[in-house]
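The sequence isn't on hand, but the structure is:
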């Protein structure tokens, strides 16, 4: 049975909204069934060098890929969209983060699930709460809405 998967997607280079739509189409062409997409949100860059604002969203999908195959697909999709990784937190054409893969808890050298910082990021929690406010974090035992209520991130976020 396909897993219920949540992906955070963002872009701060080029035509940001179009880059996100291309990312969604890459997921679909890779066999993912996209079941929900949040609205698009313009957000300030966080924890990084000065750079353009992001457009972010959260996608819910079901897919028969394993968690590691899913991660590799996301990395390959980012690269095919033109993302080049020189250093962490640099500007990017497309960023796709695996937030949850069902309720799996994984910690390997390549993959950590749930995403280890999602509860600290309003730019993830606000759009996530739009599509799945009652989804429960398997480690913290809190819903996405509860995580958002407790989030201390003060970064600006505006629906576009």
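The structure has been received and is ready for your questions. None of the values given here were measured: they were computed from a predicted structure.

where's the spatially closest residue to residue 156 that is not a sequence neighbour relative to residue 99, distance?
Leaving aside its sequence neighbours, residue 156 sits nearest to residue 44 (Cβ to Cβ, 6 or more residues apart in numbering; 5.0 Å). (C-beta placed from N, C-alpha, C; glycine too.) According to Cβ to Cβ, to the nearest Å, residue 44 and residue 99 sit 20 Å apart.

Just the element for the most centrally placed residue in the chain, please.
Nearest to the centroid of the C-alpha atoms of the chain, with distances taken as Cα atoms, centre = their mean, sits residue 8, at 1.0 Å. Using DSSP states H and E, residue 8 falls within strand 3-11.

who does that strand touch, helix- and strand-wise?
When contacts are defined as 3 or more Cβ pairs under 8 Å, 6 or more residues apart in numbering; DSSP states H and E, strand 3-11 packs onto helix 16-29, strand 54-63, helix 67-80, strand 95-101, helix 122-131.

Please identify which of these is closest to residue 139.
Evaluated over those, closeness to residue 139 peaks at strand 95-101, with 10.5 Å, by Cβ to Cβ.

which element follows that closest one toward the C-terminus?
With secondary structure assigned by DSSP H and E, strand 95-101 is succeeded by strand 106-107.

okay, and for the chain, where does confidence drop off?
Scanning the chain for pLDDT under 70 picks out 1-2, 47-49, 83-89.

Tell me how far residue 93 lies from residue 151.
Taking Cβ to Cβ as the measure, residue 93 falls 27 Å from residue 151.

same check, this time on residue 19
In this view, residue 19 and residue 151 are 26 Å apart by Cβ to Cβ.

With neighbour numbers in mind, choose between the two.
More neighbours surround residue 19 than the other of residue 19 and residue 151, with 22 against 17 (other Cβ atoms under 10 Å).

show me what contacts the closest residue in space to that one that isn't next to it in sequence?
Spatially, and ignoring its direct neighbours in sequence, residue 19 is nearest to residue 11 (3.9 Å; Cβ to Cβ, 6+ apart). Residue 11 sits next to 17, 19, 20, 23, 54, 55, 92, 93, 94, 95 when contact means Cβ atoms under 8 Å, 6 or more residues apart in numbering.
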